[in-house]
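1. just coords:
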């Protein structure tokens, strides 16, 4: 990957977006595992006005820290579901998400987004501003 001001996952996402050819780009974490039907299921919920989709994740706990992380994700995901039920965009997190490529490109990509660490929130902001 070419050197950019982006770091970590944001750099990989930006590189992938430059090479993507589909209407939608799906994003997960390097240490994530997706279900074999992940793409099929995810694309089944897309509507004409959808700009981003996200799904649940499960953390396989490894020790106390893993159990804490699993509990944290469970809480955040339930909060997200509740907020989205009210039509409020709250958060779409990197381990299981997709964004319309045209929205990303129109926003100028992550290279032009203002964020420190959370590239997934920068992507959500692109969708909100589209």
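-> Good, I have the coordinates. A quick note: this is a predicted structure, and the numbers were derived from the prediction, not measured.

2. Residue 97: what's it in contact with?
-> Taking C-beta atoms under 8 Å, 6 or more residues apart in numbering, we find residue 97 in contact with 26-28, 52-55, 120, 123. Placement of C-beta: from N, CA and C, glycine included.

3. Same question for residue 53.
-> Residue 53 neighbours (C-beta under 8 Å, 6+ apart): 42, 45-46, 92, 97-98.

4. residues near residue 34, how many?
-> Applying other C-beta atoms under 10 Å, we find 16 residues neighbouring residue 34.

5. do residue 67 as well
-> By the criterion of other C-beta under 10 Å, residue 67 has 12 neighbours.

6. would you list the contacts of residue 97 in TSV and tack on pLDDT?
-> As requested, the contacts of residue 97 are exported to TSV (pLDDT from 0 to 100):
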residue	pLDDT
26	92
27	90
28	86
52	89
53	87
54	81
55	75
120	83
123	91
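
7. What strand or helix carries residue 42?
-> Per DSSP states H and E: residue 42 is located in helix 38-43.

8. Name the strands paired with the following helix or strand past that helix and say parallel or antiparallel.
-> Downstream of helix 38-43, the first helix or strand assigned by DSSP H and E is strand 52-54. Strand 52-54 has the following sheet partners, assigned by DSSP bridges: strand 97-100 (antiparallel).
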